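Trainee: Mind looking at a prediction? Sequence and model below.
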Amino acid sequence: MQIEKTVAGVKAQVREWKKEGLSVGFVPTMGYLHEGHKSLIDRAVQENDRVVVSVFVNPIQFGPTEDLESYPRDLNADSILCEKAGAALVFAPEVSEMYADNFTTFVDTSGVTEELCGKSRPIHFRGVCTVVNKLFNIVTPDKAYFGEKDAQQLAVIRRMVRDLNMNVTVVGCPIIREEDGLAKSSRNTYLSAEERQAALVLSKAVFAGKAMIADGETDGDKVLDAMKQIISAEPMARIDYVEMVKWDTIEVHHKVDCPVLVAMAVYIGKTRLIDNFIQE
Ligand code: AMP
């Protein structure tokens, strides 16, 4: 498996593959890879001749008070995971390789970015869309893989790809969880043992909400109230948001009469965690 630090290096390799008629799958990540990322890589390896994984902590998607500096990094472990999973190339650029000093061009996707994380992280999706657009231009994948863990991000990327006629198929992949239910996340490493236990209120609320809807509840506010109660019972938890939105447009919605996304962001101590379920 190849590790590339430069845009030119990735482009040259992909050009070779395309000349040979090989299909290219792509998994963009911020690294510190776990089983959730691996599930995306596994799926990409199944569906494509060659798989590229990018490992890049993208500074422009972090707000000024967020965890850019402390975000966990381990390229060595990431490379081993990627190689074992069957990836052909890891693209791990420095920030300067991705953003020249006078970088001034951004991709802004409105509408789908107004609720949920878009509300509490105002510049986040502009940063995500810009870097994913750049990565798509560098890797030119046939298919790109995104986790439902970041459900709003998946909806935003789908919208960007549709609106800008990008030549890539976006594939959404299910949330991978720890045995006790906690959604896997690189940010779980921030949690103390006590916080790790408290963090279970997110998945507990997700499972409870899902069960209510499975039992026939269609009143979104009742579902959200029950979920909020579960979270509020944990003293270490502070709700950022718990909302129900239409899955395709990410507009607030109160009734389960179309595909909906029920999503939350909750602080456990200083760590902001997200979780969700999609009701198709
Ligand atoms: P990140 O490195 O956190 O930016 O995530 C890179 C990709 O992996 C995104 O598409 C995430 O949605 C996906 N991902 C992260 N955690 C999980 C998980 N627990 N299950 C499924 N996909 C995940």
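Mentor: The structure has been received and is ready for your questions. In this text, all values refer to a predicted model and were calculated from it rather than measured experimentally. Residues are numbered from 1 along each chain as shown.

Trainee: So which bits of the stretch 151-280 of the chain are right by the ligand?
Mentor: 173, 175-176, 183-186 (C-beta under 6 Å from any ligand atom). Quick note: C-beta positions are derived from backbone N, CA and C, even for glycine.

Trainee: Taking those together, which two end up most distant?
Mentor: C173 and S186 (16.2 Å; C-beta to C-beta).

Trainee: Narrow the residues of the stretch 151-280 of the chain next to the ligand to those in strands?
Mentor: Per DSSP state E, strands hold the following members of those: C173.

Trainee: Give the PyMOL command for selecting the buried subset of the residues of the stretch 151-280 of the chain next to the ligand.
Mentor: Selecting only the buried entries of these in PyMOL, with 16 or more other C-beta atoms under 10 Å as the criterion:
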select buried, resi 173+175+176+183+184+185+186
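
Trainee: quick one: contacts for the residue in the stretch 51-200 of the chain positioned nearest to the ligand?
Mentor: The ligand sits closest to G147 of the stretch 51-200 of the chain, with a gap of 2.2 Å, by C-beta to the nearest ligand atom. Neighbouring residues of G147 by C-beta atoms under 8 Å, 6 or more residues apart in numbering: 36-37, 39-40, 154, 172-176.

Trainee: Now render the residues you listed as JSON lines, adding distance to V262 and pLDDT.
Mentor: Formatted as JSON lines, these follow (distance: C-beta to C-beta, whole Å; pLDDT from 0 to 100):
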{"residue": "G36", "distance to V262": "19", "pLDDT": "98"}
{"residue": "H37", "distance to V262": "24", "pLDDT": "98"}
{"residue": "S39", "distance to V262": "21", "pLDDT": "98"}
{"residue": "L40", "distance to V262": "22", "pLDDT": "98"}
{"residue": "L154", "distance to V262": "15", "pLDDT": "98"}
{"residue": "G172", "distance to V262": "16", "pLDDT": "98"}
{"residue": "C173", "distance to V262": "18", "pLDDT": "98"}
{"residue": "P174", "distance to V262": "15", "pLDDT": "98"}
{"residue": "I175", "distance to V262": "13", "pLDDT": "98"}
{"residue": "I176", "distance to V262": "18", "pLDDT": "98"}
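
Trainee: Now, the residues you listed that are in helices?
Mentor: Counting by DSSP state H, the contacts of G147 place 36-37, 39-40, 154 in helices.

Trainee: count of neighbours near E35?
Mentor: 12 (other C-beta atoms under 10 Å).

Trainee: For Y32, give its distance to V55.
Mentor: Here Y32 is placed at a distance of 9 Å from V55 (C-beta to C-beta, to the nearest Å).

Trainee: Overlap of the contact sets of those two?
Mentor: By C-beta under 8 Å, 6+ apart, the residues touching both Y32 and V55 are D78.

Trainee: re the thing from before, what about the residue of the stretch 51-200 of the chain closest to the ligand, distance to V27?
Mentor: Taking C-beta to C-beta, one finds G147 at 9 Å from V27.

Trainee: now swap in G269 and tell me
Mentor: 30 Å.

Trainee: Equivalent analysis for V256, please.
Mentor: Distance, V256 to V27, using C-beta to C-beta: 32 Å.

Trainee: of these two, who's got more company?
Mentor: Comparing V256 with V27 by other C-beta under 10 Å, the one with more neighbours is V27, at 32 against 18.

Trainee: Mind jotting down where the strands sit in this protein?
Mentor: Using DSSP E, strands in the chain cover 2-4, 24-29, 50-55, 89-91, 143-147, 169-173, 237-246, 260-268, 271-279.

Trainee: and the second one with strand 50-55, angle?
Mentor: In terms of direction (axes from the mean of the first three to the mean of the last three C-alpha atoms, to 10 degrees), strand 24-29 departs from strand 50-55 by 20 degrees.

Trainee: neighbouring contacts of strand 24-29?
Mentor: 14, 17-18, 37, 40-41, 44-45, 47-56, 78, 87, 131-132, 135-136, 139-146, 168.

Trainee: Is it possible to mark the buried ones in those residues?
Mentor: For these, buried by 16+ other C-beta under 10 Å: 14, 17, 37, 40-41, 44-45, 48, 50-56, 78, 87, 131-132, 135-136, 139-146, 168.

Trainee: Verify the stated contact: A233 with V201.
Mentor: Yes. Here A233 reaches V201: they are 7.3 Å apart, a contact under C-beta atoms under 8 Å.
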